[in-house]
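S.K.: Generate a structure from the sequence data that follows.
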Amino acid sequence: MNHDVIIALDFPSAADVYAFLDRFQQEKPFVKIGMELFYAEGPEIVRQIKARGHKIFLDLKLHDIPNTVKSAMRVLSRLDVDMVNLHAAGTIDMMRAALEGLTREDGTRPLLLAVTQLTSTSEERMQKELLINATMPDTVKHYAYNAFIAGLDGVVCSPLEAALVKEACGPNFATVTPGIRFADSAADDQRRVMTPAKARLGGSDYIVVGRPITRAEDPVAAYRRCVKEFLG
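M.R.: Okay, the predicted model is just below:
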């Protein structure tokens, strides 16, 4: 299983993204394009960043009826991204339909991941507001196993649950974990967080890091620190 640090490009415009990426003269970090940037700039931002030599996680979290998600994934498969995702809560049928739509005629496709529970969601809110009465660990483990049954490559989960996912789905089932903070960083709106070093020990294959890098005084130094702590 590969391991890497993914920078969340949570910027409002292409100009902001290019100014940020221009600071990286020696590295070509793996990056995540989320809803804010994709909705602002459209598919062209994906093409431009890919042309710069970066791997891309397209984080759009699809969640709809199976046929709609299948059609949307067919469109996304035309972009040269390395990862895409959807919500595991959309059911096994939806995930299987997504996998079918994402797979190109030659059999190739990006990695397909399922989001279990957002790292901003606490167990209390999940139970009271979403009426999911199971514990957070049991819910994430079950959602991950559904994704495994559907044929997906892995899940997006909190680093706190990465080891449980590996236990349920095996060592080759990828765990991509946001909610990463340095020991001296603020948690911001995240609830279930972990440091890069602890995330690796806990079973994370990829960590997604946004504000601790993008809002750092020296983003390149912050990225290198993250890589060193996570990869050793």
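
S.K.: What segments of the chain are strands?
M.R.: For the chain, strands defined by DSSP state E occupy the ranges 4-8, 30-33, 56-62, 83-87, 111-115, 154-156, 174-177, 206-209.

S.K.: Would you reformat the ones you listed as JSON lines and include distance to Val220 and mean pLDDT?
M.R.: Bear in mind the C-beta positions are built from the backbone N, C-alpha and C, glycine included. Shown next, in JSON lines, are the strands of the chain (distance: least, CB to CB, whole Å; pLDDT from 0 to 100):
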{"stretch": "strand 4-8", "distance to Val220": "11", "mean pLDDT": "98"}
{"stretch": "strand 30-33", "distance to Val220": "14", "mean pLDDT": "98"}
{"stretch": "strand 56-62", "distance to Val220": "19", "mean pLDDT": "98"}
{"stretch": "strand 83-87", "distance to Val220": "23", "mean pLDDT": "98"}
{"stretch": "strand 111-115", "distance to Val220": "26", "mean pLDDT": "98"}
{"stretch": "strand 154-156", "distance to Val220": "26", "mean pLDDT": "98"}
{"stretch": "strand 174-177", "distance to Val220": "22", "mean pLDDT": "98"}
{"stretch": "strand 206-209", "distance to Val220": "13", "mean pLDDT": "98"}
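
S.K.: Please convert those strands to JSON lines, extending it with mean neighbour count.
M.R.: Below are these laid out as JSON lines (neighbours: other CB atoms under 10 Å):
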{"stretch": "strand 4-8", "mean neighbour count": "22"}
{"stretch": "strand 30-33", "mean neighbour count": "22"}
{"stretch": "strand 56-62", "mean neighbour count": "21"}
{"stretch": "strand 83-87", "mean neighbour count": "23"}
{"stretch": "strand 111-115", "mean neighbour count": "23"}
{"stretch": "strand 154-156", "mean neighbour count": "28"}
{"stretch": "strand 174-177", "mean neighbour count": "27"}
{"stretch": "strand 206-209", "mean neighbour count": "26"}
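
S.K.: Identify the single longest helix in this structure, thanks.
M.R.: helix 136-150 (DSSP state H).

S.K.: Report the inter-axis angle for it versus strand 83-87.
M.R.: 120 degrees (axes from the mean of the first three to the mean of the last three CA atoms, to 10 degrees).

S.K.: Which one of the strands of the chain lies nearest to Asn146?
M.R.: Nearest to Asn146 among these is strand 111-115; the distance by CB to CB comes to 7.6 Å.
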